[in-house]
Each structure stands twice: as structure tokens, then as C-alpha cells.
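Peer 1: Got a sequence here, can you build the structure:
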Amino acid sequence: MPVVYETTEVEQETAELVSATRDLMRAVATTGLGAEGLRAARAEVERLTARLAQDPRDRVLRAPLDGPARARAAGEPWSIFRYSPQALPLDISFGDGTAHARTMGDALYEGPRDSVHGGYLAHLLDCMLGTLVQSQGLLAVTATLDLRYLHRTPLDVPLDLHARILERSGRRLRAEGWVEHEGTRTVEATGLFIEIAGTPS
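Peer 2: This is a model prediction of the structure:
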């Protein structure tokens, strides 16, 4: 994790548990166990679920909203989705009005056979664009996100994610992003972001 802010022991252990849970989710989705093995595994998962549910939070842990701006100022990457197993974590690095990251979609994110689901690609690009906007010290929300699917995006291979700011006018900021596999763009997106009142915290 970048050192732009200190994490507590609970936050660190939560991130480790979330990572292990992603591994479990992938194993559950792809296991070849027979019915007896599946019943036994389900019982184990149900016991663990009951244990974790004994002391619930209202929401998932969140990193500070000003984290991307602090990371950019420090020249460090910013990690998102450390505390939620639903999405793959991204370590996003920043340049001058740009951002990039690398990830790999696995079986949990499959849409068409052997391809990353288009909705998940939209999620990735919204995250890239939104985090780039946050890295400028702005508190903004996505107003529009337009996507163009150019080629199939394969599973189980490295994918390069890019974003850059196009222009800013008052409270409106436009940015574009894209996904590449081996130098070929598979998806492009443009987004409009609107700055809202308040400061990141």
C-alpha cells in the first residue's frame, strides 16, 4: 500500500481478508467438486459468514477521498478497492493530468466466452476517470460516461488502463480513458464530471 497515509492494524487485516475472499470467490465459481464436496464447503462458508456477521459495520471501510491527490503529490500510486472483495483492486499511478494502471480480468468477470464483461469494463473506466479527477484535488461526480467497444477484451491476460484530462471549464471537467491489450485499444470512454460543493476528506 502507498505510504501517503497510515493504515490501522484493522484496516491492514481487512485488506488481507478481502484479498483472501477474492481467492475464495474465484475458487467457488470454478470448483469442480462433486455434490458432497460442495455441501461440505457450503457448511464451512456458512460458519465463517456467521462468525464475521457477529460484529457488522454499516458500510465497507473507505479510504480518504483526498488520498488520490495526496498520492499524486507524493509521486506514489493510489490503491482502490482494498476493502471490498466485489472489485479487483487497482494501483493507479499518476502523471501530468494522466493516470494508468494494470489489471487482469479472471473468470469472475467473464461476459462473452473468454472475454471481460462489457459492464465491468465500464466500471473500470469510470474508476480510472473518477480517480484521476480526484487526484486533481476535486470532489466531483460522474455526469455522463460514453463508451465505445472496439475489440474483444480477453480474460486472464494483462490489461493496461489509461486516463487523461481533456479540458476543464468552471465546475465541468471532461476526461477520456481506454483499455489496451498488447498495445491495441479494446474499449474507449469519455466522461463528464461535475465538481460539487465541499472538500475531499
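Peer 1: what ranges do the strands span in the chain?
Peer 2: Secondary structure of the chain by DSSP state E: the strands cover 78-80, 90-94, 98-103, 140-149, 159-169, 172-181, 184-195.
Peer 1: how about a markdown table for these, with mean pLDDT added?
Peer 2: Output for the strands of the chain, formatted as a markdown table (pLDDT from 0 to 100):
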| stretch | mean pLDDT |
| --- | --- |
| strand 78-80 | 93 |
| strand 90-94 | 96 |
| strand 98-103 | 97 |
| strand 140-149 | 96 |
| strand 159-169 | 97 |
| strand 172-181 | 97 |
| strand 184-195 | 97 |
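Peer 1: Turn those strands into TSV, columns for distance to Ser19 and mean neighbour count.
Peer 2: (Each C-beta comes from the backbone N, C-alpha and C, glycine too.) TSV is the format used below for these (distance: least, Cβ to Cβ, whole Å; neighbours: other Cβ atoms under 10 Å):
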stretch	distance to Ser19	mean neighbour count
strand 78-80	11	21
strand 90-94	13	20
strand 98-103	14	19
strand 140-149	27	14
strand 159-169	19	17
strand 172-181	23	20
strand 184-195	26	18
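Peer 1: Turn the ones you listed into JSON lines, columns for distance to Pro56.
Peer 2: Shown next, in JSON lines, are those (distance: least, Cβ to Cβ, whole Å):
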{"stretch": "strand 78-80", "distance to Pro56": "23"}
{"stretch": "strand 90-94", "distance to Pro56": "26"}
{"stretch": "strand 98-103", "distance to Pro56": "29"}
{"stretch": "strand 140-149", "distance to Pro56": "28"}
{"stretch": "strand 159-169", "distance to Pro56": "33"}
{"stretch": "strand 172-181", "distance to Pro56": "35"}
{"stretch": "strand 184-195", "distance to Pro56": "33"}
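Peer 1: closest one to Glu13 among the ones you listed?
Peer 2: Closest to Glu13 of the strands of the chain is strand 78-80 (Cβ to Cβ; 15.6 Å).
Peer 1: Since that was my last question, I'll sign off now.
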